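Visitor: Predicted structure and sequence below. I'll ask about it afterward.
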Amino acid sequence: MNKSELIAYIANNADMSKASAARALDATLEVVKASLQKGDTVSLVGFGSFGVTTRAARNGRNPRTGEALKIKATKVPKFSPGKALKDAVN
């Protein structure tokens, strides 16, 4: 499912226009992104939690040349599914 299919599904199930559903989805994604940028966690009970973890600096290799290189530490977004979502998938 891509974004336009998700917007159509939301519009159909929530009895709203596609434009309203698109604005609602965009606003939801923006608030999740803004919260993660601040270092906060976004928890949706039954669905899961979005958070940020830090990936430590490490040594790597250039696959073309085999040359060793240093990969610096970085922050990455993480999603942990909730129990209800896990149960729905299994």
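Guide: Looks like it arrived, so ask away.
Visitor: Every contact and neighbour count from this point should use C-alpha atoms.
Guide: Noted.
Visitor: Which residues are in contact with the residue lying farthest from the centre of the chain?
Guide: Going by Cα atoms, centre = their mean, the residue of the chain most distant from its centre is residue 65, 33.4 Å out. The contact partners of residue 65, taken as Cα atoms under 8 Å, 6 or more residues apart in numbering, number zero.
Visitor: Double-check that it belongs to a strand.
Guide: No. According to DSSP: H, G, I helix; E, B strand; the rest coil, residue 65 belongs to no strand; its state is coil.
Visitor: Residue 51: neighbouring residues, count only.
Guide: Number of residues near residue 51 (other Cα atoms under 10 Å) recorded here: 19.
Visitor: returning to that earlier point: tell me how far the residue farthest from the centre of the chain lies from residue 71.
Guide: The gap separating residue 65 from residue 71 is 16 Å, by Cα to Cα, to the nearest Å.
Visitor: which intervals of this protein have sub-threshold pLDDT?
Guide: Scanning the chain for pLDDT under 70 picks out nothing.
Visitor: Which helix runs longest in the protein?
Guide: helix 18-37 (DSSP state H).
Visitor: and it, which residues are buried?
Guide: 18, 21, 22, 32, 33, 35, 36 (16 or more other Cα atoms under 10 Å).
Visitor: Identify, from those residues, the entry nearest to residue 47.
Guide: For the buried residues of helix 18-37, the closest approach to residue 47 (Cα to Cα) belongs to residue 32, at 13.9 Å.
Visitor: I'd guessed the closest one sits against residue 43; true?
Guide: No. Assessed by Cα atoms under 8 Å, residue 32 is found out of contact with residue 43, at 9.8 Å.
Visitor: what do those two both touch?
Guide: Common neighbours of residue 32 and residue 43 (criterion: Cα under 8 Å, 6+ apart): residue 50.
Visitor: ok, residue 58 - contacts?
Guide: 70, 71, 72, 73.
Visitor: How about residue 21?
Guide: Residue 21 touches 7, 8, 10, 11, counting by Cα under 8 Å, 6+ apart.
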